[in-house]
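Peer 1: I'll drop the sequence and a predicted model, then ask my questions.
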Amino acid sequence: MKTRSNNRLDLSTYTVADNAKAVRVADFRNAIERLESLVQVDFHACVSAAERTRWVEAAKRVGHELIGTTCKRADKATWERRESAIEASTDRIGSVLYG
């Protein structure tokens, strides 16, 4: 008789809200890509302090949405990419707000 190995990912090492919404893998990855795009592309398009302020608000909103999601079927690489995107956005927001 075959037994299944326990390949479950330990989510306790990742930033997840207590009331996180479970989403499909594709939606989870799309949310990660959205935050990555905000940090890597959209930020660099800001040409004034007002635009950077609006960018900060957008990045906070998208980051909170991502923290508020979870995905049981996402692999470790996807979770690590999520954490990296959250960290990058937090760092970029800090650089805008605190110089």
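Peer 2: Looks like it came in fine.

Peer 1: From here on, just use CA atoms for contacts and neighbour counts.
Peer 2: OK.

Peer 1: any low-confidence regions in this protein?
Peer 2: Scanning the chain for pLDDT under 70 picks out 1-13.

Peer 1: Number of residues surrounding residue 91?
Peer 2: Per other CA atoms under 10 Å, the neighbour tally for residue 91 reads 13.

Peer 1: er, residue 94 I mean
Peer 2: Residue 94: 12 neighbours (other CA under 10 Å).

Peer 1: what separates the longest helix along the chain from the chain centre, distance-wise?
Peer 2: Under DSSP state H, the helix in the chain containing the largest number of residues is helix 76-98. For helix 76-98, the distance from its own C-alpha centre to the chain's C-alpha centre is 7 Å (CA atoms, centre = their mean, to the nearest Å).

Peer 1: Also stretch 21-41?
Peer 2: On the basis of CA atoms, centre = their mean, the separation between the geometric centre of stretch 21-41 and that of its chain is 6 Å.

Peer 1: now residue 15, nearest residue through space, not along the chain?
Peer 2: The shortest distance from residue 15 to any residue that is not its chain neighbour, by CA to CA, 6 or more residues apart in numbering, is 6.4 Å, and that residue is residue 67.

Peer 1: Which residues are in contact with that neighbour?
Peer 2: By CA atoms under 8 Å, 6 or more residues apart in numbering, the residues touching residue 67 are 15, 16, 17, 20.

Peer 1: which residues of this protein fall in helices?
Peer 2: 25-40, 49-67, 76-98.

Peer 1: counting contacts, what elements does the shortest one pack onto?
Peer 2: I take that to be helix 25-40. Packing contacts for helix 25-40, counted by 3 or more CA pairs under 8 Å, 6 or more residues apart in numbering; DSSP states H and E, involve helix 49-67, helix 76-98.
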